[in-house]
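> here is a sequence with its predicted model. Questions after.
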Amino acid sequence: QVQLVESGGGLVQAGGSLRLSCAASGLTFEHKVMGWFRQTPGTEREFVAAIIGSGEDTWYTDSVKGRFTISRDNARSTVDLQMNDLKPEDTAVYYCVSYRSGSMYSAQSVGHWGQGTQIIVSP
């Protein structure tokens, strides 16, 4: 049974930083592309960042490039998202994901979702 458990959410002022962490179990972690999506009420889940199994390649949505960094530790089966210079528009529920196949930008490509963690960025 695959489990993805996020931690590190919370409230922060604009310009601040937060670090999300996701602990994975029940999957061959080092072989999985992992990522983060986010969602605000009334909208579809949006791709944020992804990282391949080796950690050598990463992808980001344009709005977070230069501010967010995704990383992974295959020995600990964790994937992190360091978020700097946070903006109110980053407010959302953030989901850790493992991919099955297809475009990493699409929620349809996700095999498993975490339960989500709330980020609120105040002006």
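Nice, thanks for sending it over.
> what residue ranges in the protein score low on pLDDT?
Across the chain, nothing is flagged by pLDDT under 70.
> nearest the geometric middle of it, what residue?
Trp36 (2.2 Å; CA atoms, centre = their mean).
> can you get me a residue count around the closest residue to it other than its chain neighbours?
Among residues not flanking Trp36 along the chain, Val48 sits closest, at 4.3 Å (CB to CB, 6 or more residues apart in numbering). For the C-beta atoms, the positions are set from N, CA and C on the backbone; glycine is no exception. Neighbour count of Val48, defined by other CB atoms under 10 Å: 24.
> please identify which helix or strand holds Val48.
strand 46-51 (DSSP states H and E).
> what's the answer for Gln115, then?
Assigned by DSSP H and E, Gln115 falls within no helix or strand.
> number of nearby residues for it?
Gln115, neighbours per other CB under 10 Å, totals 11.
> may I have the distance across stretch 25-38, first residue to last?
Chord length of stretch 25-38, first to last residue, is 21 Å (CA to CA, to the nearest Å).
> picking up where we left off before, you'd agree the residue nearest to Trp36 is up against Tyr60?
Yes. The criterion here is CB atoms under 8 Å, and Val48 meets it with Tyr60 at 7.2 Å.
> list residues touching both of the two?
Here Val48 and Tyr60 have Phe68 as joint contacts, going by CB atoms under 8 Å, 6 or more residues apart in numbering.
> my guess is Arg76 is in a helix, correct?
No. Counting by DSSP: H, G, I helix; E, B strand; the rest coil, Arg76 is not found in a helix; it is coil.
> what are the buried residues along the strand holding Val48?
Neighbour counts over strand 46-51 (16 or more other CB atoms under 10 Å) mark Glu46, Phe47, Val48, Ala49, Ala50, Ile51 as buried.
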